[in-house]
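1. Show me how the following folds:
(2 chains)
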Amino acid sequence: MALASPQKVDPANPTGIIETAGRSEWFQSWQRFRANRMSLIGLVAIIFLVLIAIFAPLIAPYDPIEDIFRGVRGVGPSWEHPFGYDHLGRDLLSRVIFGSRVALLVGLVATGISVLVGIVIGAVAGYFGGWVDTLLSRLIDTLMAFPIIALLVVLAAVLGPSLVTTIVVIGFTGWARFARVVRADVMSMKQQDFITAARAVGVRDWRIIWRHLLPNVMGPVIVLASLGIGGIIILESALSFLGLGIRPPNPSWGGTLADGRAFILRFPHIAFFPGLMIVITVLAFNFLGDGLRDAFDPRNRD
Amino acid sequence: MLPYIIRRLLQGALVIFLISVITFAVMRLMPGDPVYLLLGEGEIRISQEQIDAIKTKWGLDRPYYEQYLVWAWNLLRGDFGNSLIRVGVPVRDMIFEAIPVTATINIIALFISLLVAIPAGIWAGVKRNSSFDYTTAVGSTLGVSLPNFWLGLMLIVLFVLYIPEWIGEIPLIGRIPPFGLRSWQGYILPVIVLTTEQLAVITRVMRAATIEALGQDYVRTAYSKGLSKYVVITRHAVRNALLPVVTVIGFRIAFILSGTIVVETVFAIPGIGRLFTDSVFRLDYQVVQSLVVVLAVLVVLINLLTDLTYAFIDPRIRIE
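-> Below is the predicted model of the structure:
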C-alpha cells in the first residue's frame, strides 16, 4: 500500500499531511475490510468469476451452442462432462461457463446505470430542493411503490427480450434507492459550512455538487451498490427463467434453469448446476457488500 | 393525526394516478394486436369489417386518452372490465379468485417466519459473537442469496424424487406433489421456499435492532435499577427492537407479488403472480393494468398503515 508514513515529509509538498489524512481514511477502511475473512473470500470469488467470464472461450471445453452431442440428451455428469449434458445434448459445463458472462455483465452494468441515474437525480433533488425536489421525490416514491419485477416483466414483454433490454430495463428501474440515499445525504450536507463557504466564493452549483458533495456520499453508495448486485443477478436470472431475459439458445443461468424446470423430474442436474453458480456468485457479492458496509461504517472507526 | 392521514392519502392517490398512466401507456406499446390473439391468428379468415366491429365493441378504436379515462373511471367505480382473452370473464373475478391462493401461502409463510425469526434474531443479538450468532449470520446471508426458484426446484427434486426413493413414504405427510395445490401437501414446498427468504431477512433485522437497543441508555438505567437480565431484555430491549420488524412485515405484504411471481411459476400455483405473467404473455391488457393498479393501491395503503402502526406502538413517534 502506498501509504506515506507520518514522519517523512515530501520536500516538494510540505503540506502533504492533508493528503495523507485523506488517504488514510480509505486505508483504514481497507484494513477493516481485510480483517473480515468472509468478505475477503467473497472478493477472491468475484475476481475468479470475472476471470472465468472473460476467458470463457478458452476455459469452456466445448461450444455452448454449436456442439450438440447425439444420443446423450439429459445424460448426467461424467468425467468427460462434469456437469453432464442438457436436454438437447449440449455440454452443460460449457453453457454454465458462458452463462457467467451474462450474469456478471447484467449485474455490473445494470448496477452501474442505476447508481449513475440515482446519483444524478438524488443530488439534483437534494441540492436544489423546492419544486424540483417535490417532483423528483414523487417520481422516486412511484418507482418504489411499483412491484419492480412486475414492471420488468411488462417492459421486457414490450421491448422484446434480449441482453440489452434486460440491462437497460433493470438499470433504469433500480435507481430509486440510490437516489433516496444520495438525496438525504446531500440535503443534510448542503447546510454545512464548507458548502456555504464554497457558495460564498462563487463556486457554481454543478461544481459544488460534483467536487464537494458527491465524493462525500460515495461510501454509502458503494456499499448499497455492492449489496444490490446480488439481487440484480437474481432478478436477471428470474427474468430469463420466465422466458423474458436472454433468448435461447444463448446460454444464461436463468435460461438453463428454465430448461431444467421442464425436465426437473427426469434430468434434475440441468437445473442444479446453473442454480449453484447463481448462489455462489450472489453469496460472494453479499459477503463483499457486508464487509464494505462494516469497513465504511463510521461507528467502526478506530 | 387526521390531517396527516389525509395528506398521505392524497400523496398516495397521486402515486397511484402516475402508476396507472405509466401502466396504461406501456401496455399500449406492447407488440401484437389483441384482436388477433382473441380470434386466433390465421385460423379463421376475418374481414376488416369484423375487426373494426370488435375494436368498436371493446373501445379499441377510440383515442388513447379516451380509453384511459373510460378505464380509470370504471376502475374507480369498482368495475375492472372483462378479460380480453377469457371472453366474458370479469377481471375482478379473476383477481379475486387468485388473491386467496397467494394470500394463503404468504400468510402461512410469514407466520412461520415471524415465529422462528424473532426469537432467533433476539437470541443472536443478545449472544453477540457467539457460535449461535455466527451460524445465524451465515444462515441468513445464505437465505437471501438463494434464488427462490432454484430452491423450489431443488426441493421438488429432494422431496419428490430422492426422499421417496430413500425412505419411501414420508411419515404423516405422505406423497408431496411436485406441482399445484390440489391437496394440502401441495402447500408444503411453496411455503418452505417463501419462508426461507423472509426468515433470513427478519432474523437479520431483528438481530441488528436488538443490538442497537441493548446499547441504549435506558437499558443501562434498567440494569442499574437492579432489574434482571431477562426483564431488561424482554421488557425494554425487545419492545423497542420490534419496531424495524414492523417495517419489514409491511414491506413484505406490500411487495407480495415480487415474492410470488416466480414461486407460483415454479410450482404452477394459480395465484396473482401466475395470473400476472400469464396475462402479460397473452397480452390481456385489462387484467395486467387492473392488477398493477390494485397492487399499487395495496402498497400505498400498507405503507401508510405501517407508519400509523409505528406511531401506535411507539408513543415517542409523533405524526404531524
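
2. List of residues touching stretch B:149-160?
-> The contact list for stretch B:149-160 (C-beta atoms under 8 Å, 6 or more residues apart in numbering or on different chains) reads A:237-238, A:241, A:257, A:260-261, A:264-265, A:268, A:271-272, A:275, A:278-279, B:170, B:176-178, B:188-190, B:192-193, B:196, B:262-263, B:265-267. For glycine as for every other residue, the C-beta is placed from the backbone atoms N, C-alpha and C.

3. Could you do stretch A:201-208 as well?
-> Residues contacting stretch A:201-208 (C-beta under 8 Å, 6+ apart): A:127, A:128, A:195, A:198, A:199, A:211, A:212.

4. got it, and stretch B:294-305?
-> A:145-147, A:150, B:5, B:8-9, B:12, B:15-16, B:19-20, B:95, B:250, B:253-257, B:272.

5. List the buried residues for the helix or strand where residue B:95 lies?
-> Using DSSP states H and E, residue B:95 falls within helix B:91-126. By 16 or more other C-beta atoms under 10 Å in any protein chain shown, the buried positions in helix B:91-126 come out as B:91, B:94-95, B:98-99, B:101-102, B:104-106, B:108-110, B:112-114, B:117-118, B:120-126.

6. Are there helices or strands packed against it, and which ones?
-> Packing contacts for helix B:91-126, counted by 3 or more C-beta pairs under 8 Å, 6 or more residues apart in numbering or on different chains; DSSP states H and E, involve helix B:131-145, helix B:188-214, helix B:238-254, helix B:256-266, helix B:272-281, helix B:285-313.

7. Could you tell me the angle between it and helix B:285-313?
-> Here helix B:91-126 points in a direction 40 degrees away from that of helix B:285-313 (axes from the mean of the first three to the mean of the last three C-alpha atoms, to 10 degrees).

8. tell me the mean pLDDT over helix B:91-126?
-> In this model, helix B:91-126 has a mean pLDDT of 91.

9. Equivalent analysis for stretch A:232-239, please.
-> 90.

10. State the distance from the residue nearest the centre of chain B to residue B:266.
-> Closest to where the C-alpha atoms of chain B average out (C-alpha atoms, centre = their mean) is residue B:256, at 0.3 Å. Going from residue B:256 to residue B:266 by C-beta to C-beta, to the nearest Å gives 16 Å.

11. again with residue B:243
-> In this view, residue B:243 and residue B:266 are 34 Å apart by C-beta to C-beta.

12. Neighbour count for the two, which is higher?
-> Comparing residue B:243 with residue B:266 by other C-beta atoms under 10 Å in any protein chain shown, the one with more neighbours is residue B:266, at 24 against 16.

13. leaving aside the residues next to it on the chain, what's closest to that one?
-> residue B:152 (4.1 Å; C-beta to C-beta, 6 or more residues apart in numbering or on different chains).

14. quick one: the helix or strand harbouring the one you found to chain centroid distance?
-> Using DSSP H and E, the element containing residue B:152 is helix B:148-156. On the basis of C-alpha atoms, centre = their mean, to the nearest Å, helix B:148-156 is displaced by 18 Å from the centre of the chain it belongs to.

15. what about the closest residue to chain A within the stretch 101-250 of chain B, how many neighbours?
-> Nearest residue of the stretch 101-250 of chain B to chain A, counting by C-beta to the nearest C-beta: residue B:150, 3.3 Å away. Neighbourhood size, residue B:150 [other C-beta under 10 Å]: 29.

16. How much space separates it from residue B:311?
-> In terms of C-beta to C-beta, residue B:150 sits 40 Å off from residue B:311.

17. Now that you've got the contacts of stretch B:149-160, can you turn the buried subset into something I can paste into PyMOL?
-> Buried residues within these, by 16+ other C-beta under 10 Å, are selected in PyMOL with:
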select buried, (chain A and resi 237+238+241+257+260+261+264+268+271+272+275+278+279) or (chain B and resi 176+177+178+188+189+190+192+193+196+262+263+265+266+267)
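
18. which residues sit in contact with residue A:230?
-> A:107, A:281, A:282, A:283, A:285, A:286, A:289, B:144, B:145.

19. which element is the residue in the stretch 201-302 of chain A that chain B sits nearest to on?
-> Using C-beta to the nearest C-beta, the closest approach of the stretch 201-302 of chain A to chain B is made by residue A:275 at 3.3 Å. If you go by DSSP H and E, residue A:275 is part of helix A:269-296.

20. got the angle between that helix and helix B:131-145?
-> Using the same axes, to 10 degrees: helix A:269-296 against helix B:131-145 is 120 degrees.

21. Of all the residues in helix A:269-296, which ones are buried?
-> A:269-275, A:277-279, A:281-296.

22. just stretch B:278-295 next, same as before
-> Neighbour-count burial for stretch B:278-295 [16+ other C-beta under 10 Å]: B:278-280, B:282-295.

23. Looking at that stretch now, give me its mean pLDDT.
-> Mean predicted lDDT for stretch B:278-295 stands at 83.
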